[in-house]
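Peer 1: Kindly generate the corresponding structure for this input.
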Amino acid sequence: MAESDARPGEIDFSDFMKVDIRVGTVVDVEAFPEARKPAWKLRIDFGEEIGIKRSSAQIAHYEAEQLVGRQVLAVVNFPPRQIGKFMSQVLTLGLPDAEGRVILISPERDIPNGGRLF
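Peer 2: Below you'll find the model as predicted:
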C-alpha cells in the first residue's frame, strides 16, 4: 500500500519501529511533591547498552515499595522533557484503568533489562 493510500491515523511498520520501547527495572523511587499532578521520580535500569534513566510518572496510587524492583516498559528515544525542575529522560508506559489511574505496563515474566518491544 502506498503511503498516500493509508487511512488517517495509520502508520507504516517502519514508523512503529522508530519508537524504541524497552524493558527496565525500577531501581529507585523519590517523591515528586513539586509536580502539578501526584507523581513519582523513577530511576530505571535499562541494562548496559542504555544505562539508568530518569522518568517522572503520574502513578501516585502505587507505593514506592511496589515500584522498586518492578519491570516496566518505556520509550527510550524521545527527547528529554523538563517537568518542573526534573528532567525526564524516558516515557514510562501505562494504561488508564476504569477509575483513570495509570496502570504500568510490565512483562508477564522477567526479561533482561534493555529488551526491546517488537
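Peer 1: E48 - that's part of a helix, no?
Peer 2: No - the assignment for E48 by DSSP: H, G, I helix; E, B strand; the rest coil gives coil, which leaves it out of any helix.
Peer 1: any idea how far it is from G9?
Peer 2: 37 Å (CB to CB, to the nearest Å). No exception for glycine: its C-beta is placed from N, CA and C like everyone else's.
Peer 1: More neighbours: these two, which one.
Peer 2: When E48 and G9 are compared for neighbours, E48 comes out ahead with 9 against 5, by other CB atoms under 10 Å.
Peer 1: so where do the helices sit in this protein?
Peer 2: With helices called from DSSP state H, the chain shows them at 13-17, 64-67.
Peer 1: Tell me which of these sits most buried.
Peer 2: Greatest average neighbour count among the helices of the chain goes to helix 64-67 (a mean of 14), per mean count of other CB atoms under 10 Å.
Peer 1: For that one, C-alpha coordinates in CSV please.
Peer 2: What follows is helix 64-67 as a C-alpha-only set of coordinates in CSV (Å, rounded to 0.1, in the frame of the first residue of the first chain):
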residue,chain,number,x,y,z
ALA,A,64,7.3,3.3,46.4
GLU,A,65,7.9,-0.2,47.7
GLN,A,66,5.6,-1.6,45.0
LEU,A,67,7.7,0.1,42.3
